[in-house]
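In: Give me a model of this one.
(one chain, ligands or ions: 2)
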Amino acid sequence: MASSEIWTEKYRPEKFEEIVGQEEIIKRVRSLAQGLNIPHLMFAGPAGTGKSTLALIIVKELFGNSWRDNYLELNASDERGIDVVRQKVKDFARTRAIANVPFKVIFLDEADALTREAQQALRRTMENFTATCRFILSCNYSSKIIDPIQSRCAIFRFRPLT
Ligand SMILES: Nc1ncnc2c1ncn2[C@@H]1O[C@H](COP(=O)(O)OP(=O)(O)OP(=O)(O)O)[C@@H](O)[C@H]1O
Ligand SMILES: [Mg+2]
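Out: Ligands and ions are numbered 1, 2, ... in the order given. Below is the predicted model of the structure:
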């Protein structure tokens, strides 16, 4: 691992208050997380604006110390494709979330790397597991995501940091 990556982990914000900018997003997302009820979310915006960081903060708020058991992070640009994503979701969703939160959270990075066909498959997966899982989709451009997925998500647009 390059030392620059270690640095970004070391200083990655751990709390909502530590995120720089994105104030409107933080306000809405924090209240959703504190209500222990989030819809599917889409985080759209440039690299390095806090999308992955905010997803982690949300799951820590929801699940506290047991966040690791209730959080699955996947990368959509994984060369093995959508079938691997679907299988991993299936395995993960098989067991119930803990305690007072009735769902687990799946973070899908680079969702806009999926082809339209793969996105159709993802859409069906989201539908099938909606009772037990919430998806957070991360992408650079929301316009690259098919409408049926966009319409199932609350979309948050991250701004470049000044
Ligand atoms: N809004 C922010 N406030 C504070 N730190 C930030 C913010 N955005 C990014 N960072 C810092 O930059 C690093 C990378 O951020 P993060 O992984 O959340 O970006 P990202 O939006 O997910 O980017 P990518 O699209 O490349 O995945 C983090 O370790 C964090 O420390
Ligand atoms: Mg990221």
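
In: ok, and the closest non-adjacent residue to residue 148?
Out: In space, and not counting its chain neighbours, residue 148 is closest to residue 123: 5.2 Å by Cβ to Cβ, 6 or more residues apart in numbering. Just so you know, the C-beta spots here come from the backbone N, C-alpha and C atoms, and that holds for glycine as well.

In: Check residue 69 too.
Out: Leaving out its chain neighbours, the residue that sits closest to residue 69 by Cβ to Cβ, 6+ apart is residue 98, at 6.8 Å.

In: ok, now which ones touch the one you found?
Out: Taking Cβ atoms under 8 Å, 6 or more residues apart in numbering, we find residue 98 in contact with 63, 66, 69, 70.

In: Tell me how many other residues surround the second one.
Out: Translated: residue 66. Using other Cβ atoms under 10 Å as the criterion, residue 66 is surrounded by 14 other residues.

In: and which of the contacts of residue 98 is nearest residue 18?
Out: Proximity to residue 18 was ranked across these by Cβ to Cβ; first place goes to residue 63, at 18.8 Å.

In: Which of the helices or strands spans that closest one?
Out: Assigning secondary structure by DSSP states H and E places residue 63 in helix 51-63.

In: same check, this time on residue 120
Out: Following DSSP H and E, one finds residue 120 within helix 116-128.

In: can you give me the helices for the protein?
Out: Remark: helices assigned in the chain by DSSP state H are 3-10, 23-34, 51-63, 82-93, 116-128, 147-150.

In: which of those is buried the deepest?
Out: Using mean count of other Cβ atoms under 10 Å, the stretch among the helices of the chain with the largest mean neighbour count is helix 51-63, at a mean of 21.
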